[in-house]
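Peer 1: Task: produce atomic coordinates for the following.
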Amino acid sequence: MGGEFNLRRKPGIRPRIVLSYPDAYEVGISNPGLQILYELVNDRTPAAAERAYCPLPDMADLMRARGVRLWSLESAEPVAACDLWGFTLPHELACTNVLEMLDLAGVPLHAAERGEGDPIVMGGGPAVADPWPLAAFFDAFFIGEVEGRMAAIVEALGAQTRAERLANLAAVPGVWLPHAAQAGPVERQVFTDFACTPPVERPLVPLVEAVHDRVVIEVMRGCTAGCRFCQAGIWYRPVRERPVDMVVAAAERALAATGYDEVSLVSLSSCDYSGIDEAVRRIRALRPGIRVSLPSLRIDSAATSLAGLAAEQRGSVTLAPEAATQELRERLNKRVDEAQFDEAVRAVFSGGFTGLKLYFMIGLPGESDDDVVGIAAMAAAAARRAKEIARGRARLSVSVSSYVPKPHTPFELEPFAGEATLRRRQALLREAMPRHVRLSLHHLESSLVEATLARGGPGADRLVEDAWRRGARFDSWTEHFDEAAWRGAAAAAGLALGDPAGEGAPWGETGSMAPWHAIVDARVTPAFLEEERRRAAERATTADCRDGVCVSCGVCGAGVEMEVLA
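Peer 2: Sure, this is the predicted structure:
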C-alpha cells in the first residue's frame, strides 16, 4: 500500500488533510468519493491531501502490540499530526471502524476530550443523513456534496488556534458542529457545478488487487425515479448530467493514466443518463478491447436498449426488480410490470450477456409471504427465458437483502420487519427457489445492527462505543462480524438489535419529530415525504419529474435545479 500510480505528494504543505474511508485498503481505494476528494484537494487547492485506511484486525492487533500509530500512505507521517482528518462515511456498518482508526492513531475518541494538538475530525458522505450514532466522536460533519465548499474548508483551517478553526468551519454552509450551538437544521449542500466539472481523470491505481480494477466515470448525479425506500434517491437530488463529450474525453485520459481496459459509467441509475448509448459506443471506439460496464439497471425500456449494446462483450448484468409482485412494486413506486421484466430478461440474453443477477429486498412495508415467494417465481421465469435463448450457457443468480428503513425517505418511520420475520422469510425463499438458481441472502445479523443505527437518536453513539469496546469492528465483513459484541452492547442499553438506538426511540408518527430532522435539512419537505407515504399505502405511483411533471419535493430552487442533456 502506498506508492500507487498517480499518487500526489506535497511535502511540507499545510494544511495537511488526511482522507479516510473506514474500511480495508482494498475496499477504500475503490471508493469514487474518496478519489474525487483526493484529486480536488491536491490539484485544485493549496492544501495537501493524504490517505489512511482501516487496518484489518490482525494488522491492528500487531500495531497495538508494537506501539505503532496509524500513518498516512503519502508521507508515512502520523495521522494524528494532520490538521483535518476527513472520513467518508458510507453506511452504518462502518461506525466501529471509525473508532478503531481513531484509537490506532492515538486521537482521543471523544471530540470533547481533544486539545490544541489534535486534528479536527470531520465526517461526510451518505451516512451523515443521520449523524447521531457518531456525534460524540466527530468535531464536525459536512451535510451533502462537499466539492463546492472544499476551498472554504481549506481556508477555514488557516486560523491559528483549534477553536478559531472550528469557528471558521461553523460558518461554512453545510457544516454542523455537534458540540456547538447552531440555529436550526443544516441544509444539505448540492454541487451545482457538477455538469461543468470533469470527472476524475488521474485516479489512484492500487498496486494490489482491489475490489474494483477499472476506470470509474461518474456520468450523472441524482435520480428522479422516486423509489420510496431509497435514501440515495433523496440525498443526491436533483439530477445533473455531464455532457457526452466530457465523459468520453475523461474516459480517454483516465485510460491513458491508468492502463485499465475497462470503463465503468456510474450513477444511481446509469440507464437513465440521456447520453448513455452514445457514450458507450464512443468509449468502445477509443481503442480495441475496451470494455464498458454499468451498475445495476432499472427494468425499463432503457435497460432493454443497453442490453443490445453488449453484442461485442460478454459478462453479466444486474437487474433490480426490488419486489416480485405488482402490488408491492406499486407501493414502492417501481413503475414496471411483468411484461417489462420479461422484455428486459429477453434483451439481456439476446444481447450476448451470459450472466444475469436479480436483486430483491425482503421486509418491505406492506409485504406478505406471497410477495416473498413471488421472488422465486420471477427467478423461475427468468431461468426459462435463459434456457430458451442462451441454450444452457446462461448463469442466473438472485441476491436478496433485508430492507432497513432510512431517514429522509417516505418510509423513514415505517417499522423494521424484525429478526423473527426476516428469518422466516429467508427460509421461505430457500425452500421456494429453483435449485438451478443461485440464491444469496444478506447477512441477517448485520442488517439488525444497520437497522438499530440507521435511525439512531441522541445517545446512539454510546451503543457504538460499547460494541467497539467489546470487540466489534469490520461489521460489514461476515468473517469479522462479532454478533456477541453487538448483542451484549444492545442488552446493556436495554434494547433488542433491530430497534432504533437513542434516547426517546421509537420516534413519533410525523417526520418532524424524528431526531435527524432537527439537525439535517435534506432539502426535501416533510410534507412531500408524508404524502409519498400516504400514496404508498394506497398503491398510487408518482411520476418521474424528468418527464416534465414537478412532484413538489422541495429540492429545486435558489440556484439548485435539474440539469439534463438536451
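
Peer 1: which residues of the chain score low on pLDDT?
Peer 2: Residues of the chain that meet the criterion pLDDT under 70 lie in 296, 300-314, 508-512.

Peer 1: switch to 50 and redo it
Peer 2: Applying pLDDT under 50 to the chain flags the ranges 311.

Peer 1: and whichever helix in it runs longest, which residues are buried?
Peer 2: Looking across the chain with DSSP state H, the single longest helix is helix 369-390. Residues 371-379, 382-383, 385-386, 389-390 are the ones in helix 369-390 that count as buried (16 or more other Cβ atoms under 10 Å). For glycine as for every other residue, the C-beta is placed from the backbone atoms N, C-alpha and C.

Peer 1: got a list of contacts for that helix?
Peer 2: Residues outside helix 369-390 that contact it (Cβ atoms under 8 Å, 6 or more residues apart in numbering) are 321, 323-325, 327-328, 341-342, 345-346, 349-350, 354, 356, 358, 360, 362, 364, 394, 396, 398, 400, 425, 428-429, 432-434, 436-437.

Peer 1: can you check stretch 554-566 too?
Peer 2: For stretch 554-566, using Cβ under 8 Å, 6+ apart, the contacting residues are 190, 192, 194-195, 222, 224, 237-241, 243-244, 274-275, 523-525, 527-528, 545-546, 550.

Peer 1: Just the terminal-to-terminal distance for that stretch.
Peer 2: End-to-end distance of stretch 554-566: 24 Å, with Cα to Cα, to the nearest Å as the criterion.

Peer 1: quick one, phi/psi of E241?
Peer 2: Note on E241: its backbone torsions stand at phi -110, psi 140 [degrees, to the nearest 10].

Peer 1: For burial, what's the neighbour tally of R533?
Peer 2: 18 (other Cβ atoms under 10 Å).

Peer 1: Quick one: the helices in the stretch 401-550 of the chain, in order.
Peer 2: In the stretch 401-550 of the chain, the helices defined using DSSP state H, counting those that start in this stretch lie at 419-432, 444-454, 460-469, 483-492, 526-537.

Peer 1: Show me which of the contacts of helix 369-390 are buried.
Peer 2: Neighbour-count burial (16+ other Cβ under 10 Å) applied to those gives 321, 323-325, 328, 341-342, 345-346, 349-350, 354, 356, 358, 360, 362, 364, 394, 396, 398, 400, 425, 428-429, 432-433, 437.

Peer 1: hey, what's S293 bridged with?
Peer 2: Beta-bridge pairing of S293 under DSSP bridges involves S264.

Peer 1: got the contact list for it?
Peer 2: Here S293 is in contact with 214, 262-265, 315 (criterion: Cβ under 8 Å, 6+ apart).

Peer 1: Quick check: it vs I283, distance?
Peer 2: For S293, the distance to I283 equals 11 Å [Cβ to Cβ, to the nearest Å].

Peer 1: shared neighbours of those two, anything?
Peer 2: Jointly contacting S293 and I283 under the rule Cβ under 8 Å, 6+ apart are 263, 265.

Peer 1: quick revisit: out of the contacts of helix 369-390, which are inside helices?
Peer 2: Among the contacts of helix 369-390, the subset assigned to helices under DSSP H consists of 327-328, 341-342, 345-346, 349-350, 425, 428-429, 432.

Peer 1: Tell me the one among those residues nearest to G418.
Peer 2: Nearest to G418 among these is R425, at 10.6 Å by Cβ to Cβ.

Peer 1: isn't that closest one right up against M361?
Peer 2: No. Between R425 and M361 there is no contact, the gap being 10.6 Å when judged by Cβ atoms under 8 Å.

Peer 1: what about the spatially most central residue of the chain, helix or strand, and which?
Peer 2: When Cα atoms, centre = their mean is applied to the chain, the residue found nearest the centroid is P90 (5.0 Å). Using DSSP states H and E, P90 falls within no helix or strand.

Peer 1: Burial check on the closest residue to it other than its chain neighbours, number of neighbours?
Peer 2: Residue nearest to P90 in three dimensions, not counting chain neighbours: G125, with 5.7 Å by Cβ to Cβ, 6 or more residues apart in numbering. Using other Cβ under 10 Å, the number of residues around G125 comes to 23.

Peer 1: any idea how far C82 is from G125?
Peer 2: Counting by Cβ to Cβ, the gap from G125 to C82 is 19 Å.

Peer 1: How about S264?
Peer 2: Distance, S264 to C82, by Cβ to Cβ: 31 Å.

Peer 1: Which of those two has more residues huddled nearby?
Peer 2: When S264 and C82 are compared for neighbours, C82 comes out ahead with 27 against 20, by other Cβ under 10 Å.

Peer 1: list the contacts for the more buried one?
Peer 2: With contacts defined as Cβ under 8 Å, 6+ apart, the neighbours of C82 are 15-18, 50, 72, 119.

Peer 1: What of G488?
Peer 2: Under the criterion of Cβ under 8 Å, 6+ apart, the neighbours of G488 are 466-467, 470.

Peer 1: so how far is E530 from it?
Peer 2: G488 sits 37 Å away from E530, going by Cβ to Cβ.

Peer 1: and what of P321?
Peer 2: Separation of P321 from E530 (Cβ to Cβ) stands at 27 Å.

Peer 1: Equivalent analysis for V190, please.
Peer 2: V190 is 23 Å from E530, by Cβ to Cβ.

Peer 1: if you count what's nearby, which of those two comes out ahead?
Peer 2: Neighbours per residue (other Cβ under 10 Å) separate V190 from E530, with V190 holding more: 25 against 16.

Peer 1: what sits against that one?
Peer 2: Residues near V190 by Cβ under 8 Å, 6+ apart: 144-145, 148, 237-238, 523, 555, 560.

Peer 1: Spell out the secondary structure type for K334.
Peer 2: For K334, the assignment made with DSSP: H, G, I helix; E, B strand; the rest coil gives coil.

Peer 1: how far away is it from E327?
Peer 2: Distance of K334 to E327, computed by Cβ to Cβ: 11 Å.
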